[in-house]
Each structure stands twice: as structure tokens, then as C-alpha cells.
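Visitor: Got a predicted structure here, sequence first:
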Amino acid sequence: MIFKFRLLLIALLFSPMVSYSGFCQYASLDSKAIYINGPRDYDLIGVALSQKACDKLMAIMALEDDLEFKQALESADILRIENHTPALVLEVKLFEAKAKVIIAEGLQRGYSGWVPVDWLKDNQGQPVFSRNYQFLPYDFSESSPIIECPWGIK
């Protein structure tokens, strides 16, 4: 009886360390450049504009229904992006299993949204951006026309 109690105590002491290491791989991605790696069989994946839309997307992914997933991508609160698109992680909510990202390439560049945290896995090689890369949907370089501000702020 004492042996079983000791074994249970040891198991309880070491179980948080084992489960926490899985969380660490996602928590360490906070504020880093990554690739959004959705399901491998899809060319297009979705970035939810709200946390509720992300919850809906994760529920559809759990059903593993291709038709339902493709219909969800047509939704107004989901941005369609290519699978393996570079992004910057803004926030990771581990216990809700989602992360907020800024999309770094493609038509949706500069927009932010929520993705399932599982889509952040396999990010050993991180994307490299040039020094003057901007996470904005428009190019505000010196060659762009200057817009005059009516309040005199430059």
C-alpha cells in the first residue's frame, strides 16, 4: 500500500513537467516570425478575425469534414491565406489553444487574426524578413506619395 502511494506521488510530481514541455514549444513562439502550418492536404487555410470565429474554425477542424471546412473559408469573418504563410505571433493563449498572428505575405499581408495553436507547430526554421520589411497592408516607403494631414501633423 505504501509502495502504491509513493508511486502515485512520484507520478503526480513529474506529470506537470511532462505536460508543460508541450506548452513550452508554443509559448516560446510569442513575438516571433513563424509559418502558419495548417492541415497538410489543404492549399488554403483560414485566419479568423475574431476569437469566436477561431473557436468555430477549430470545432469544424475537429469534425474533419472537408466540405464544412471549405464553407467556413467562404465566411466573412475568415481570411483565406495559403498554407505555410509567414506570420508574426502577437499572442499565444495556451489554454484556449489559439494564437493571434499578423500575416506577413500574400494578399492579406498586414492583417491580424486568430489561428489554432496547433498550426504553429513545426517551426524549427523561421522565416527571415528583410530589414525594412513592414507589416502593413500598404507601402509607406519614401517613393509613396505623401498625404497631407489637415491638422498640420507631419
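Guide: Received the coordinates, thanks.
Visitor: what bits of this structure have low per-residue confidence?
Guide: In the predicted model, the chain carries pLDDT under 70 at residues 1-28, 123-154.
Visitor: ranges for the strands of it?
Guide: 33-36, 44-48, 78-82, 85-93, 98-103, 112-116 (DSSP state E).
Visitor: Would you mind listing the buried residues in stretch 72-81?
Guide: 72-73, 78-79, 81 (16 or more other C-beta atoms under 10 Å). Glycine gets a C-beta too; all of them are placed from N, C-alpha and C.
Visitor: Please identify which of these is nearest to Arg40.
Guide: Ile81 (15.3 Å; C-beta to C-beta).
Visitor: Isn't that closest one up against Ile45?
Guide: Yes - the pair Ile81 / Ile45 is scored as a contact, 6.2 Å apart, by C-beta atoms under 8 Å.
Visitor: Residues that sit against both of these two, list them.
Guide: Ile36 (C-beta atoms under 8 Å, 6 or more residues apart in numbering).
Visitor: and Ile78, what is it in contact with?
Guide: 46-49, 53, 57, 72.
Visitor: out of these, who's nearest Gly110?
Guide: Val47 (11.9 Å).
Visitor: Arg109 versus that closest one, what's the distance?
Guide: For Val47, the distance to Arg109 equals 12 Å [C-beta to C-beta, to the nearest Å].
Visitor: neighbour-wise, which of those two wins?
Guide: Using other C-beta atoms under 10 Å as the criterion, Val47 and Arg109 rank with Val47 on top: 26 against 19.
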